[in-house]
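S.K.: The amino acid sequence is not available; the structure is as follows:
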């Protein structure tokens, strides 16, 4: 019987479940309007967006969302992972991992404060 390898967590920021509506548009502005996603988890370094519609790994996006305290965050991000794997028992969903590549320090601190 073979065992599946354990995926090593290499994140630099602690992630926490924080389900928020996220408005996403492509950085090249090919789409006229943004697309609404729900985040499954978020940190000062990025987010996982739940979705059956996936962008390509490496694609640049603009994300906008409001934290529970009302602060609006706008960031540029890069798709670093896309998966169609669904396992509700283990809380794994179809979606995309986004790394923030342009996020101000004050916004990063505000995200981290919401998680702490």
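M.R.: Noted; the coordinates are in hand. Just so we're clear, the structure is a prediction, and the values are computed from it rather than from any experiment. Numbering: from 1, shown residues only.

S.K.: Can you name the element that comes right after the lowest-mean-pLDDT helix or strand in the chain?
M.R.: Using mean pLDDT, DSSP states H and E, the weakest-scoring helix or strand in the chain turns out to be strand 35-42, at a mean of 79. Going down the chain from strand 35-42, the next helix or strand is strand 46-50, by DSSP states H and E.

S.K.: elements contacting that next one?
M.R.: strand 21-26, strand 35-42, strand 72-83, strand 95-102 (3 or more C-beta pairs under 8 Å, 6 or more residues apart in numbering; DSSP states H and E). For glycine as for every other residue, the C-beta is placed from the backbone atoms N, C-alpha and C.

S.K.: What are the buried residues along the second one?
M.R.: What it means is strand 35-42. 37, 39, 40, 41, 42 (16 or more other C-beta atoms under 10 Å).

S.K.: just the angle between that strand and strand 72-83, please?
M.R.: On the basis of axes from the mean of the first three to the mean of the last three C-alpha atoms, to 10 degrees, strand 35-42 is oriented at 80 degrees to strand 72-83.

S.K.: and the angle from strand 35-42 to strand 21-26?
M.R.: Going by the same axes, to 10 degrees, strand 35-42 makes 120 degrees with strand 21-26.

S.K.: Give me the angle between strand 35-42 and strand 46-50.
M.R.: Put simply, strand 35-42 runs at 120 degrees to strand 46-50, going by the same axes, to 10 degrees.

S.K.: What is strand 35-42 packed up against?
M.R.: Strand 35-42 packs on strand 21-26, strand 46-50, going by 3+ C-beta pairs under 8 Å, 6+ apart.

S.K.: Right, I'll call it a day here.
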